[in-house]
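# Sequence first, then the predicted structure:
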Amino acid sequence: MTTAPHHDTPPWYGMHPKYLRFSPVTKVFLLLALPIVLLSVVSVKPLWQWGWRVPVYAYAQFGTVTSAQGKKFPSGAWTQGRRLLVYGAPKVDAKSVALAADGLRSMVRELGLKLSVEELAVPPKGAAAALQVATAASRGLSFDFDAFEQRRLDDRGMQYAEMVVVPAQFKDPSWAWGLTNYPAGLSVLQQGETSRDLGRHEGTHLLGYDKHDDMPLYVFGYREGWVPAERNTLMMLLPKTSDALSDRAHDALLNFWRGKEAREHEKYLE
Ligand SMILES: [Zn+2]
């Protein structure tokens, strides 16, 4: 039996910082990754605004989305069509659809976006079949958002975005009241939970804000509660009493669309 020689490399957590060595690749990674990790936890107003103009905070809004048949579309290409259609699945009451549309329309106006919000009495072509595919009859009724999105991309491509009210719980996560994906231009609301506020909340996601007001935990420069739980704003994950868009969310979206305007040489804002 031998005892370990004294000069054996200690485990990484036992190493003296003086002897830590990083390869150039690791160094570059740390230099790039650390600021990003930090900025996603705490930020300052100018960086926050700039980060929405360029794909830093909004990076998830770029790339491609894929249809059920494997067709690829550039994320958010629906904005070129400037149309947002709102409708309900068959048997959904017209009142819920009207509330959802009202909420979405109010957000489009609040941001000054030149997009039309159109309420439909019946689902557009192909949507009824896609709704059936997405609604499985197992363990009660549940709605498969991803399956619906992929089918809709085959049917409508990127001609428009849509907000749909369905009479079912979501398959995943089952606790959600609404699910939204800006890249594919799709928002789905649960009928039982649909309100004007939910239309506004999911509408904000649909217009490109894929965050909630608790991450970054704090953005210096805004008057907001230090502790996220104190914030009574529209874009909290758990519903609050206020339907007001926070200043941080408002600035994020405004800069997101300004960045789009500059890149695409289009005019979206009034
Ligand atoms: Zn949300």
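Good, I have the coordinates. Numbers count the residues shown, from 1 in each chain.

# This structure: strands as residue ranges?
Counting by DSSP state E, the segments of the chain that form strands are 42-44, 64-66, 72-74, 83-88, 116-119, 135-136, 142-143, 161-166, 169-170, 178-181, 186-190, 218-220.

# roughly how far is the first one from the heart of the chain?
Okay, so that is strand 42-44. Relative to the centre of its chain, strand 42-44 is centred 20 Å away, using Cα atoms, centre = their mean, to the nearest Å.

# Kindly spell out which helices and strands sit in contact with it.
The elements that strand 42-44 packs onto, with contact taken as 3 or more Cβ pairs under 8 Å, 6 or more residues apart in numbering; DSSP states H and E, are strand 218-220. Yep, even glycine has a C-beta here, placed from its N, CA and C like the rest.

# Work out the gap between the strand it packs on and the centre of the chain.
20 Å.

# Give the partner strands of that strand in its sheet and their orientations.
Looking at strand 218-220 with DSSP bridges, its partner strands are strand 42-44 (parallel).

# what's stretch 85-96 in contact with?
97, 100-101, 104, 117-124, 127-128, 131, 135, 160-167, 189, 191, 194 (Cβ atoms under 8 Å, 6 or more residues apart in numbering).

# per-residue pLDDT, residue 3?
At residue 3, the model reports a pLDDT of 53.

# I'd like the numbering to begin with 7 instead of 1 from here.
Happy to do that; since the first residue is 7 now, the last one works out to residue 9.

# And the helices in this protein?
30-45, 51-59, 100-117, 133-140, 151-162, 202-212, 253-270 (DSSP state H).

# in the second one, what counts as buried?
In this case it means helix 51-59. 53-55, 57-59 (16 or more other Cβ atoms under 10 Å).

# ok, so of those residues, who is nearest residue 149?
Taking Cβ to Cβ as the measure, residue 149 lies nearest residue 58 of the buried residues of helix 51-59, at 30.5 Å.

# Surely the closest one and residue 254 touch.
No: judged on Cβ atoms under 8 Å, residue 58 makes no contact with residue 254 at a distance of 9.8 Å.

# tally of neighbours for residue 131?
9 (other Cβ atoms under 10 Å).

# so it makes contact with residue 161?
Yes: checked against Cβ under 8 Å, the pair residue 131 and residue 161 is within contact range at 6.7 Å.

# Relative to the worst-scoring helix or strand of the chain on mean pLDDT, what are the paired strands and their orientations?
Taking mean pLDDT, DSSP states H and E as the measure, strand 141-142 is the helix or strand of the chain with the lowest mean score, a mean of 82. Here strand 141-142 is paired, per DSSP bridges, with strand 148-149 (antiparallel).

# any idea of the mean pLDDT in the strand it pairs with?
92.

# got a list of contacts for that strand?
Taking Cβ under 8 Å, 6+ apart as the rule, strand 148-149 contacts 140-142, 172, 174-177, 180, 194, 196.

# Emit the ChimeraX select command for whichever of these are buried.
Restricted to buried positions by 16+ other Cβ under 10 Å, the ChimeraX selection for the contacts of strand 148-149 reads:
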select :140,141,172,174,175,176,177,194,196
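
# Just send the contacts of strand 148-149 back as TSV, with distance to residue 262 too.
Formatted as TSV, these follow (distance: Cβ to Cβ, whole Å):
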residue	distance to residue 262
140	28
141	32
142	35
172	27
174	31
175	31
176	26
177	29
180	30
194	22
196	26
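
# Need the worst-confidence member of the contacts of strand 148-149.
Minimum confidence in the contacts of strand 148-149 sits at residue 142, scoring 77.

# Okay, and the beta partners of the closest residue to that residue other than its chain neighbours?
Distances taken as Cβ to Cβ, 6 or more residues apart in numbering put residue 148 closest to residue 142, at 5.8 Å, once the chain neighbours are dropped. Beta-bridge partners for residue 148, by DSSP bridges, are residue 142, residue 175.

# Nearest to residue 114 among the contacts of strand 148-149?
residue 194 (18.2 Å).

# Give me the distance between the closest one and residue 155.
9 Å (Cβ to Cβ, to the nearest Å).

# tell me the domain boundaries of the protein?
29-63+219-236+249-276, 69-216 (automatic domain parsing).
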